[in-house]
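Participant: Got a predicted structure plus its sequence, pasted below:
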Protein chains: 2
Amino acid sequence: MGVDQPIVKDMPNYGGSLDRVFQALADGTRRAMVERLIRGPVSVSELARPLEMSLPAVMQHVQVLEACGLVRSEKIGRVRTCRIEPDVLRTAEDWLAEQRTSWERRLDRLGDYLLDDPGTPEQGSL
Amino acid sequence: MGVDQPIVKDMPNYGGSLDRVFQALADGTRRAMVERLIRGPVSVSELARPLEMSLPAVMQHVQVLEACGLVRSEKIGRVRTCRIEPDVLRTAEDWLAEQRTSWERRLDRLGDYLLDDPGTPEQGSL
DNA sequence: TCATTGGTTAAGGAAGCACTTGACTATGGG
DNA sequence: CCCATAGTCAAGTGCTTCCTTAACCAATGA
């Protein structure tokens, strides 16, 4: 069970969906699928071709990717074609970027502080 | 078990470490810890304070974060202080950014193609 | 010295995940 | 019609994850 995200003003909510996106991306097979789908839509068996695993296994990965919104698929005739849904990828990237910029802002503040008043080290800052 | 990443020239390798980073970030508790640590180094029990779980559980999360290089910690006296290691965060962000830019480049190419020669829809492009 | 604070270790359990096999359905070409 | 192709469903297995409790150790402050 995750944690109750503290709802902070003016911050994106990311309501629980980050769990599933990062979880989906935590598997090399699924990342390989994403990398393939980025180059264009493709059928399930085409997705499966380079992977050394059974078709049901591939299907299950596709389902994970669909469940978190990273991929959308549609069946026409007997072939299911998968395409990527870049928005969710973006959501994950945004969270990461937000952490990085927070970090950088903090470093800046720290630098300013030390320049203004050297000799008084920040609490546990380094 | 993941997949053998095809080593592509001039592409970052990310050798297997992405598995562990994304896995680490797939948990709300651990993301909350990262968000806290971004604001500055902190002890384990400080990390634990807002979380409704036992200290050993918190320790285990810290260990996961350390194992993938997201966090580094050092024990002084009886208190272990954790600090964030932003490089690995960056690695994950880079992978995401790479996918996004690939996607955008593809869209551009597609746009150009359709402008040059409308009436010949790309294979499965929409 | 002795209780408290801060952390660590070990063991175990419930749930989830990645994968398999086997059986089955439906589409489409010859 | 027949067979191959493309996918789907169900069940099961072994491994991992998240969390718990209980016992324990080591610094610290009164």
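Facilitator: Right, received. Where do you want to start?

Participant: what's next to the helix or strand residue A:47 falls within, contact-wise?
Facilitator: Under the assignment given by DSSP states H and E, the secondary-structure element containing residue A:47 is helix A:44-48. Helix A:44-48 has contacts (Cβ atoms under 8 Å, 6 or more residues apart in numbering or on different chains) with A:33, A:36, A:37, A:55, A:58, A:59, A:62, A:73, A:79, A:80, A:82. Quick note: C-beta positions are derived from backbone N, CA and C, even for glycine.

Participant: Name all residues that make contact with the fourth one.
Facilitator: Under the criterion of Cβ under 8 Å, 6+ apart, the contact list for residue A:55 reads A:44, A:45, A:48.

Participant: gap between the second one and residue A:66?
Facilitator: Read it as residue A:45. For residue A:45, the distance to residue A:66 under the criterion Cβ to Cβ, to the nearest Å works out to 17 Å.

Participant: So for those two, which residue has more residues nearby?
Facilitator: residue A:66 (15 against 11; other Cβ atoms under 10 Å in any protein chain shown).

Participant: these two touch, right, that one and residue A:73?
Facilitator: Yes: the pair residue A:66 / residue A:73 is scored as a contact, 6.2 Å apart, by Cβ atoms under 8 Å.

Participant: Once you drop chain neighbours, what's closest to residue A:69?
Facilitator: Across the structure, with Cβ to Cβ, 6 or more residues apart in numbering or on different chains as the measure, the residue nearest residue A:69 apart from its sequence neighbours is residue A:88 (4.4 Å).

Participant: what's the burial count for residue A:64?
Facilitator: Counted with other Cβ under 10 Å, the burial measure for residue A:64 works out to 18 neighbours.

Participant: One more: residue A:23?
Facilitator: By other Cβ under 10 Å, the residues close to residue A:23 number 18.

Participant: and it, that's in a helix?
Facilitator: Yes: per DSSP: H, G, I helix; E, B strand; the rest coil, residue A:23 lies within a helix segment.

Participant: the strands in chain A, which residues?
Facilitator: According to DSSP state E, chain A carries its strands in the segments A:42-43, A:71-76, A:79-84.

Participant: Mind putting those strands into a markdown table with mean pLDDT and mean neighbour count?
Facilitator: What follows is the strands of chain A, written out as a markdown table (pLDDT from 0 to 100; neighbours: other Cβ atoms under 10 Å in any protein chain shown):
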| stretch | mean pLDDT | mean neighbour count |
| --- | --- | --- |
| strand A:42-43 | 98 | 18 |
| strand A:71-76 | 98 | 14 |
| strand A:79-84 | 98 | 17 |
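
Participant: Distance to DNA strand D for these - can I get that in CSV?
Facilitator: Conversion of the strands of chain A to CSV gives the following (distance: least, Cβ to the nearest atom of the strand, whole Å):
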stretch, distance to DNA strand D
strand A:42-43, 4
strand A:71-76, 5
strand A:79-84, 4
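
Participant: Poorly predicted segments of chain A, please.
Facilitator: Confidence mapping of chain A against pLDDT under 70 gives the ranges A:1-16, A:112-113, A:116-126.

Participant: now with 90?
Facilitator: Counting by pLDDT under 90, chain A contains low-confidence ranges at A:1-16, A:107-126.

Participant: center of it - which residue?
Facilitator: The residue lying closest to the centre of chain A (Cα atoms, centre = their mean) is residue A:92, at 3.6 Å.

Participant: Give me the nearest residue to that residue, chain neighbours excluded.
Facilitator: Closest residue to residue A:92 apart from its sequence neighbours, by Cβ to Cβ, 6+ apart: residue A:21 at 4.9 Å.
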